[in-house]
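*Asks:* okay, sequence plus prediction incoming.
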Amino acid sequence: MLVVEDANTADALGDVLAGELSAAGHVVALQRFADRHGLLADDEAVGAVRDALGAARPDAVLAVGSGVLNDVTRYATFLEGSAYVSVPSAPSMDGYASSVAAMQFDGLKVTLPAQAPLAIFADSAVLAAAPREMIVWGFGDLIGKATARFDWVLGNAASGEVFCDAVEARVLAPLTRCVDDVARLLAGDEDAVVALTTGLVESGIAMAMMGNSRPASGCEHHASHFWDLLAFRKLREHAPHGLQVGYATRFASGLQEAALAGLAEPMVLTPGAGGSDDERAWFGEQYRALGPVRDDKRAWFATYGESWPPPEPERSAAARRLADVASSFPRVRAALDVAGIPAGAGFLGVDAAMLRATFRYANRLRNRFTVLDLLESQERLDALLDEVLPGS
Ligand SMILES: [Zn+2]
């Protein structure tokens, strides 16, 4: 067997697990990344796991860890045609059950086809003993489903994008519980931590059911991807995915609430068609690489832009559904307060100018329709950024 771990997860769980497997008669090989933090899901890490697979020829692979270790193992085993089992060390992100791998190549986050694990074995005591900040990361990733849900409903209303009530419910139930449970979660309450972990795994299953990340990822995730890009460009430090998502969720929720008032205004612009100097400066070298997303947006707006707003009674029905989603936002923001994820600029190395650029341009990163596309195409985005985002 091959156990993939890093120095932290070896201490938390990997050493014990490898010992138990050896005692049970298995030959155990280790791929231990020396990093205590900052391991990236990049070519180099994937290459290391592939090399270990080639050398050990294991009958099973176990990923002992959280986000990056699972993404790297999921992708490397997929390329090598072997299966793997996930052994989470912390409830820190929603990718445990995912069938795609979130990789980072040349500064751009890319989601690549991979495979879901054969099984997920999580020990509730290990999860509850995880560092408190990692529990906050998982909370942040899960609470982002509130604004992802709004964007999904909006995409369904604007272009008839597939929407599934059963998948929505699967994500919504644990989201609601985690908003209510945030104080117990932070206290390391085992039941609350298990509920968070289950919710994060359910989100992964929801994505697998849809065949894409739509139920679990909207403009709050695009904001997080934008910050990853700025970190790659050395304009800020890397920060944990879930924490970034939680931070972005507050601002996304404010923009979505503000969008409701002018929901029926027509879409007149194609987002990103202009490519201003300001926009190019934020993306730097990566601007060119995002050309295919711009092409997809252009095609989307050519097809659907003119049919917004929908005729009655669909228009009112969409407005009601979106208002219903947004009715949870005050509680979402209160939970973010309790979790210590702030409302001002300057958190995670994101100053006020960066924050504005984030919500101005994050829609350039994915060909998925969100509230940012709606507002930009309605020529309302700039004014609402002034209104919703904190100043410096
Ligand atoms: Zn996420």
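*Replies:* Arrived safely, thanks for sending.
*Asks:* next, the buried residues of stretch 31-41.
*Replies:* Q31, R32, F33, L39, L40, A41 (16 or more other Cβ atoms under 10 Å). Yep, even glycine has a C-beta here, placed from its N, CA and C like the rest.
*Asks:* one more: stretch 272-285?
*Replies:* For stretch 272-285, by 16+ other Cβ under 10 Å, it's G272, E279, W282, F283.
*Asks:* from the buried residues of stretch 31-41, which is closest to R366?
*Replies:* A41 (17.6 Å; Cβ to Cβ).
*Asks:* measure that closest one to E5 for me?
*Replies:* Distance check for A41 against E5: by Cβ to Cβ, to the nearest Å, it reads 15 Å.
*Asks:* pull the most distant pair out of the buried residues of stretch 272-285.
*Replies:* G272 and W282 (12.1 Å).
*Asks:* please parse the protein into its domains.
*Replies:* 2-121, 132-388 (automatic domain parsing).
*Asks:* next, format these as TSV and append mean pLDDT.
*Replies:* Output for the domains of the chain, formatted as TSV (pLDDT from 0 to 100):
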stretch	mean pLDDT
domain 2-121	91
domain 132-388	95
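*Asks:* what's the closest of the buried residues of stretch 31-41 to E133?
*Replies:* Looking across those and measuring by Cβ to Cβ, the closest to E133 is L39, at 16.4 Å.
*Asks:* A362 contacts L372, correct?
*Replies:* Yes: applying Cβ atoms under 8 Å as the test, A362 and L372 come out as touching, 6.3 Å apart.
*Asks:* shared neighbours of these two, anything?
*Replies:* Listed contacts common to A362 and L372 are C219, H222; contacts here mean Cβ atoms under 8 Å, 6 or more residues apart in numbering.
*Asks:* comparing these two, which residue is more hemmed in?
*Replies:* More neighbours surround L372 than the other of A362 and L372, with 28 against 23 (other Cβ atoms under 10 Å).
*Asks:* contacts for the helix or strand containing that one, please.
*Replies:* Assigned by DSSP states H and E, L372 falls within helix 371-377. Outside helix 371-377, the residues that touch it by Cβ under 8 Å, 6+ apart are 150-151, 154, 158, 218-219, 222, 252, 255-256, 259, 267-271, 297, 301, 305, 308, 359, 362-363, 381, 384.
*Asks:* what comes up buried for the next helix or strand after that helix?
*Replies:* Moving toward the C-terminus from helix 371-377, the next helix or strand (DSSP H and E) is helix 381-388. By neighbour count on 16+ other Cβ under 10 Å, the buried set for helix 381-388 is L381, L384, L385, V388.
*Asks:* sec struct for the residue sitting nearest the centre point of the chain, please.
*Replies:* Centroid check for the chain by Cα atoms, centre = their mean gives H221 as the closest residue, at 4.8 Å. Following DSSP: H, G, I helix; E, B strand; the rest coil, the label given to H221 is helix.
*Asks:* same check, this time on K234
*Replies:* With three-state DSSP as the basis, the three-state label of K234 is coil.
*Asks:* same deal with G272?
*Replies:* coil.
*Asks:* what residues are up against it?
*Replies:* Contact analysis of G272 by Cβ under 8 Å, 6+ apart lists E279, V293, R294, K297, N363, R364.
*Asks:* who touches the helix or strand containing the third one?
*Replies:* Put plainly, it is R294. Of the helices and strands defined by DSSP H and E, R294 is found in helix 291-304. Counting contacts by Cβ under 8 Å, 6+ apart, the residues outside helix 291-304 that touch it are 158-159, 267, 270-273, 275, 363-367, 369, 373, 377.
*Asks:* now with 6 Å?
*Replies:* Helix 291-304 is contacted from outside by A158, S159, T270, P271, G272, N367, using Cβ atoms under 6 Å, 6 or more residues apart in numbering.
*Asks:* find the nearest non-adjacent residue to the last one, please.
*Replies:* Nearest-residue entry for N367: D296, 3.5 Å, with adjacent residues in sequence omitted and distances by Cβ to Cβ, 6 or more residues apart in numbering.
*Asks:* ok, that neighbour - how many residues close by?
*Replies:* D296: 13 neighbours (other Cβ under 10 Å).
*Asks:* spit out the contact partners of S159.
*Replies:* Y304.
*Asks:* over to A45?
*Replies:* Listed by Cβ under 6 Å, 6+ apart, the contact partners of A45 are V72.
*Asks:* repeat for D181
*Replies:* A192.
*Asks:* got the phi and psi for it?
*Replies:* Main-chain torsions, D181, degrees, to the nearest 10: phi -100, psi 10.
*Asks:* then A29?
*Replies:* According to degrees, to the nearest 10, A29 has phi -100, psi 150.
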